[in-house]
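**Q** What would the 3D arrangement of this be:
(chains A and B)
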Amino acid sequence: MHNPQLNKNGELQHLLTIEGLPKSIINHILDTASSFVSISDREVKKVPLMRGKSVFNLFFENSTRTRTTFEIASKRLSADVINLNIAASSTSKGESLLDTIDNLAAMHADMFVVRHSQSGAPYLIAKHLNDTKQNHVHVVNAGDGRHAHPTQGLLDMYTIRHYKKDFTNLRVAIVGDILHSRVARSDIHALTTLGVPEVRAIGPHTLLPGGLEQMGVRVFTSIEEGLKDVDVIIMLRLQNERMSGALLPSAGEYFKSYGLTPERLALAKPDAIVMHPGPINRGVEIDSKVADGAQAVILPQVTFGIATRMAVMSILAGTHA
Amino acid sequence: MMNLHIKNGRVIDPANGIDAVQDLYIADGKIAAVGGAPAGFTAERTIDAAGLVVAPGLVDLSARLREPGYEYKATLESEMQAAVQGGVTTLVCPPDTDPVLDEPGLVEMLKHRARILNQANVHPLGALTVGLKGQALTEMAELTEAGCIGFAQAESPITDTTVLLRALQYAKTFGYTVWLRPQDPYIGFGGVAHAGPLASRLGLSGVPVMSETIALHTIFELMRASGARVHLCRISSAAALELIRSAKQEGLPVTCDVGVHHLHMTDADIGFFDPNARLTPPLRSQRDREAIRAALLDGTIDAVCSDHTPVDDDEKLLPFAEASPGATGLELLLSLMLKWAEDQRNSNGSDALAQAIRKITADPARMAGLPAGTLSVGANADVVVFDPQARWQVAPSALASQGKHTPFLGYELSGQVKATIVAGHLAWER
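**A** Reported below is the predicted structural model:
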């Protein structure tokens, strides 16, 4: 089946998911990101790579944080950024998703950064652009339903590479609500593609989707067993609405069973790093002592996130249909 | 009404065990003879069917015509045209229209509209409960008088098992068949894809197989208690077929059908979120598909239906989970059954063409108690003449139905209808 995010030369046309991306493309993005990290330390934090290009942030689902990082990344590439909070505008007037896309494409957009609550929505947009011969417009998935959050996955890989150098001797544990997490899915695909020999998922059965083994993941329900000797811990955010009900009885019991405490962190390798896509829930999935501790790399993740998104956007902008 | 002579065709009439090159004679809307001409027969029209197959018109156990209420998706005119172009001469339509078919007047109007169009024969299913709400029983006797051939809940499972038991008991009283699609009202309800590795990867909410099997266990227990006859619609899983197989062995009065898509496709055909592959029940695993194909051969499955569900662009060109489920099917049913027969021939050399035809003619007609699906002398002359070899490409422009969405879009299929005859008149001819 044709992979809709690659053009006929196998180059990245859209970034929709990490699944199926060749290792060479992932490494190219990480290498490019690395060259952008220093730009943010300069006095003039801009490069002219996307001067004259228009990036539309289409957020069908609210997210201040991710939208802001894309906005900063675009501006550092000298692109013009237009933020559209579509949840509150056209779709509520009855305009269909694809009508919105056509209208914005007619405004000569060069790139759509799409966040949507439905899995697969960016595919629909990319396919529509291809079907209507508007495939000069690139689509970046900024998170779709439970499916994928590829730039988060890439920035996580950047972070791991920064601290651990080599992927092929690592044990990585992802802890928490895997079932609803697009971050977990993107991380799993990226880690297995980059040759991480052991990817673990840790959580209660109610938050673990079926079929994780087929994705190359070892499943643990005990956090004590799952964290043993790992090099990297990726904590996932537990959404408020999932904290009590049929999935979990309470936030308190969740923290007791799965919260990352200093004692549990001690089970991992001494130099293990602790990651979290943010925003963190202190006292729900992570103890403040860990979140603020020496092993946490949660804030560097944010910094690397800008560079990674700059890398993705500049690579896409240089790809022609 | 004219006298028709269809000559030199390969007549396949599973109800009578006929598969031979023979002539067919039609007079007064009935089959007059197969083989030699009846005395004094003069044909007003002769169709040379050399190289073609002559079979009973297809009997489709589920085709949504979208009337009343959803005329923007399809109209009776467009869908009846699609039926005859697909060789379907008898079809059963589910009651999930708007308003639902829970009152005799609505059923009479639908039958009346269909009769005026004079194409395929339309047999509605009445709603089992008022408004399909699962609370109060409908006037089943009145609805039967108006033309309903059975009672169904369509896609609204009854949550209160007491109501389901009462509905089965009441239907049993009058000898009516209850048509149920087994689905648990909670587990997997609202899910959009087979709960499996693919749904997990794509982040789509899953419908586990147990949604179907839990409902089946309930239905079978209630059948044992009530003695009612149940037809199970759109079975999708290997585990469900295994349960149905043993229920049949036990002697429960149960029959079942599958949608033709499930004979060929699996959840892998969702690919990159193709909304055309969003179906209800969802496409399942390869193991399930193989079990469906085997059960069709061994007879556990009584019929294959098109599960024709026209959906318009606005409701299909949406993110996968928001897209309306369903696919157009009336014009694909024959070709997809021929494809199954072709696959059988390729895998073990057997000629399954007659079996394929049986499952879309004689068996569904018998199951639904309809006088159709046969070329017996004296039967209504509902006949399809088709070229089993002719290839066609599935494209919106090739379809008469207002529903243009199907996961088979772009496929090249064999089997082209040359003529469709309903009650002796030529309803469609290519």
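**Q** Next, name the residue at the spatial heart of chain B.
**A** residue B:305 (2.3 Å; CA atoms, centre = their mean).
**Q** contacting residues for that residue?
**A** For residue B:305, the contact set (CB atoms under 8 Å, 6 or more residues apart in numbering or on different chains) comprises B:60-63, B:92, B:233-234, B:257-260, B:329, B:333, B:360, B:364. Yep, even glycine has a C-beta here, placed from its N, CA and C like the rest.
**Q** Of those residues, which belong to helices?
**A** B:333, B:364 (DSSP state H).
**Q** Go through the contacts of residue B:305 and flag which are in strands.
**A** B:60, B:92, B:257-259 (DSSP state E).
**Q** Select from the contacts of residue B:305 the one having the most neighbours.
**A** When neighbours are taken as other CB atoms under 10 Å in any protein chain shown, the top entry among the contacts of residue B:305 is residue B:61 (32 neighbours).
**Q** Tell me the confidence at residue B:331?
**A** If you check residue B:331, the pLDDT there is 98.
**Q** Of all the residues in the helix or strand of chain B with the lowest mean pLDDT, which ones are buried?
**A** Least confident helix or strand of chain B, by mean pLDDT, DSSP states H and E, is helix B:313-316 with a mean of 92. Going by neighbour count (16 or more other CB atoms under 10 Å in any protein chain shown), the buried part of helix B:313-316 is B:315-316.
**Q** Please work out which residues outside it touch it.
**A** Counting by CB under 8 Å, 6+ apart, A:96, B:73, B:275-276, B:323-324, B:404-405 sit against helix B:313-316.
**Q** 6 Å - rerun?
**A** Applying CB atoms under 6 Å, 6 or more residues apart in numbering or on different chains, the contact partners of helix B:313-316 are B:275, B:323-324, B:405.
**Q** List the buried residues of the strand or helix carrying residue A:311.
**A** When elements are assigned from DSSP states H and E, residue A:311 belongs to helix A:298-317. Judged by neighbour count (16+ other CB under 10 Å), helix A:298-317 contains these buried residues: A:298, A:300-317.
**Q** residues making contact with that helix?
**A** By CB under 6 Å, 6+ apart, helix A:298-317 touches A:12, A:15, A:29, A:32-33, A:36-37, A:49-50, A:53, A:69-70, A:72-73, A:76-77, A:138, A:151, A:154-155, A:158-159, A:275-276.
**Q** List the buried residues for stretch B:361-377?
**A** Result for stretch B:361-377 [16+ other CB under 10 Å]: buried residues B:361-368, B:370, B:372-376.
**Q** and that stretch, what's its mean pLDDT?
**A** pLDDT averaged over stretch B:361-377 gives 97.
**Q** circling back: show me how far the helix holding residue A:311 is from its chain's centre.
**A** Mean-position distance between helix A:298-317 and its chain equals 10 Å (CA atoms, centre = their mean, to the nearest Å).
**Q** Equivalent analysis for stretch B:362-376, please.
**A** On CA atoms, centre = their mean, the centre of stretch B:362-376 falls 13 Å from that of its chain.
**Q** Do me a favour and get the end-to-end distance for it?
**A** 11 Å (CA to CA, to the nearest Å).
**Q** I'd like the distance between the residue of chain B most remote from its centre and chain A.
**A** The outermost residue of chain B relative to its centre, with distances by CA atoms, centre = their mean, is residue B:40 at 38.6 Å. To chain A, residue B:40 is 60 Å away according to CB to the nearest CB, to the nearest Å.
**Q** next one: residue B:209
**A** Taking CB to the nearest CB, one finds residue B:209 at 11 Å from chain A.
**Q** same deal with residue B:245?
**A** Residue B:245 is 26 Å from chain A, by CB to the nearest CB.
**Q** residues in the stretch 251-400 of chain B within reach of chain A, list them.
**A** Contact residues (CB under 6 Å from any CB of the partner chain) of the stretch 251-400 of chain B with chain A: B:271-273, B:317, B:319-322.
**Q** Quick one: neighbours of residue B:224, just the number.
**A** 12.
**Q** again with residue B:286
**A** 11.
**Q** so what's it closest to, chain neighbours aside?
**A** residue B:266 (5.0 Å; CB to CB, 6 or more residues apart in numbering or on different chains).
**Q** Report the separation between the one you found and chain A.
**A** 13 Å.
**Q** one step back: helices - which of the buried residues of stretch B:361-377 land there?
**A** B:362-368.
**Q** which of those residues lies closest to residue B:413?
**A** Of all those, residue B:413 sits closest to residue B:364, with 20.9 Å by CB to CB.
**Q** My guess is the residue nearest to residue B:286 contacts residue B:291. True?
**A** No: using CB atoms under 6 Å, residue B:266 is not in contact with residue B:291; the gap is 11.6 Å.
**Q** Tell me the buried residues in the helix or strand of chain A with the lowest mean pLDDT?
**A** Every helix and strand of chain A was ranked by mean pLDDT, DSSP H and E. The lowest is helix A:97-106, at a mean of 90. Of all the residues in helix A:97-106, those buried under the rule 16+ other CB under 10 Å are A:97-98, A:100-101, A:104-105.
**Q** Dump the ones in helices among the buried residues of stretch B:361-377 to CSV, plus distance to residue B:20.
**A** Listed next are those as CSV, based on distance: CB to CB, whole Å:
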residue, distance to residue B:20
B:362, 16
B:363, 20
B:364, 23
B:365, 21
B:366, 22
B:367, 26
B:368, 27
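**Q** And the pLDDT for residue A:77?
**A** pLDDT, residue A:77: 96.
**Q** and the closest residue to it other than its chain neighbours, how many neighbours does it have?
**A** Spatial nearest neighbour of residue A:77, excluding adjacent residues (CB to CB, 6+ apart): residue A:50 at 4.0 Å. Neighbours of residue A:50 under the rule other CB under 10 Å: 25.
**Q** Whichever residue of the stretch 1-150 of chain B sits closest to chain A is in what secondary structure piece?
**A** Closest to chain A within the stretch 1-150 of chain B is residue B:72: 14.6 Å, counting by CB to the nearest CB. Residue B:72 belongs to no helix or strand when assigned by DSSP H and E.
**Q** Quick one: residues contacting it.
**A** No residues are in contact with residue B:72 under the rule CB under 6 Å, 6+ apart.
**Q** Same question for residue A:269.
**A** A:229, A:231.
**Q** where does it land in three-state SS?
**A** coil (DSSP: H, G, I helix; E, B strand; the rest coil).
**Q** how close does it sit to chain B?
**A** From residue A:269 over to chain B (counting by CB to the nearest CB), the distance is 29 Å.
**Q** May I have the phi/psi pair for that residue?
**A** Dihedral angles of residue A:269 (phi, psi; degrees, to the nearest 10) stand at phi -60, psi 150.
**Q** Okay, it and residue A:172: tell me how far apart.
**A** Residue A:269 sits 11 Å away from residue A:172, going by CB to CB, to the nearest Å.
**Q** Same check on residue B:369?
**A** The value you get for residue B:369 to residue A:172, if CB to CB is used, is 62 Å.
**Q** and if you look at residue A:166?
**A** 13 Å.
**Q** Who has more neighbours out of the two?
**A** Ranked by neighbour count (other CB under 10 Å), residue A:166 and residue A:172 place residue A:172 first, with 27 against 11.
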